[in-house]
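> Need coordinates for the below:
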Amino acid sequence: MRTGGRGWTVNGAATGLDLPWSDGTFPPPALSRRRVVWDALMGMALHEATHALASGDVPVGAIVVGPDGRLVGVGRNRREETGDPTAHAEVLALRQAALSTGQWRLTGCTLVVTLEPCVMCAGALVAARVHRLVLGAWDPKAGASGSVWDMVRDHRANHHVEVVGGVREAECSAVLRAFFESHRTPVEEDR
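Residues are numbered from 1 along each chain as shown. Okay, the predicted model is just below:
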């Protein structure tokens, strides 16, 4: 259950993992301090993305931070590992956040992800009422948060998500680029 607008509690105890800024002032009001926090959170998402490599999944990582700055959900792509087409990092992080908080409405939460969400994941953000999306690399082929589509800010939707894009974009892009380059088959030379 949610209490007092300061975060999530279950049976009177705060849920989630305390982070250095879990003092009720999340995100920090100063823009320069927010950038430091977004960078640190993206580092956590990047770390989670590396775990997807072990199963041959595309290295995308996501975390969900509650309104009080506590970590309440973590996910990485697990489609290859599980055979589940919906096992995207964002969906798995949202599921864990819902379990951690005891709520499907993740009002006030921030989702941080290394790659711009696809249509399915953008829809899940809107359905879960996530307040903010912090993304690393933009996806010019399938992005649904500003690149190809903008589902999270569509005026026809019942909820809108604030988007902070391009956080540690070069690093996020490099991880993805290295993965796809290593999975390409070499083109045989013309004889």
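> what about residue 106, how many neighbours?
27 (other C-beta atoms under 10 Å). Any C-beta I mention is one placed from the backbone N, CA and C, and that applies to glycine too.
> next one: phi and psi at it?
Dihedral pair for residue 106: phi -100, psi 50, per degrees, to the nearest 10.
> residues touching it, list them.
Each residue near residue 106 by C-beta atoms under 8 Å, 6 or more residues apart in numbering is listed here: 64, 94, 97, 98, 128, 129, 130, 131.
> Need the max-distance pair from these.
Maximum pairwise distance in the contacts of residue 106, criterion C-beta to C-beta, is 14.7 Å, between 98 and 131.
> What count of nearby residues applies to residue 30?
9.
> With residue 151 as the reference, measure out to it.
Distance of residue 30 to residue 151, given as C-beta to C-beta, to the nearest Å: 30 Å.
> Residue 113 too?
Note on residue 113: its distance to residue 151, by C-beta to C-beta, is 14 Å.
> remind me which residues of the chain are low pLDDT?
Scanning the chain for pLDDT under 70 picks out 1-15, 21-24, 185-191.
> What ranges does it have for its helices?
Ranges of helices within the chain are 31-52, 79-82, 89-101, 119-127, 169-183, based on DSSP state H.
> so which of the ones you listed gets nearest residue 59?
Evaluated with C-beta to C-beta, the helices of the chain place helix 31-52 nearest to residue 59, the distance being 4.2 Å.
> So which elements touch the closest one?
When contacts are defined as 3 or more C-beta pairs under 8 Å, 6 or more residues apart in numbering; DSSP states H and E, helix 31-52 packs onto strand 61-65, strand 71-76, helix 89-101, strand 110-115, strand 132-137, helix 169-183.
> so which of these gets nearest residue 49?
Between residue 49 and those, the tightest spacing by C-beta to C-beta is seen for strand 61-65, at 3.3 Å.
> Paired strands for that closest one, with orientation please.
strand 71-76 (antiparallel), strand 110-115 (antiparallel) (DSSP bridges).
> Can you redo these as JSON lines, where the extra columns are mean neighbour count?
Converted to JSON lines, the strands paired with strand 61-65 look like this (neighbours: other C-beta atoms under 10 Å):
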{"stretch": "strand 71-76", "mean neighbour count": "25"}
{"stretch": "strand 110-115", "mean neighbour count": "29"}
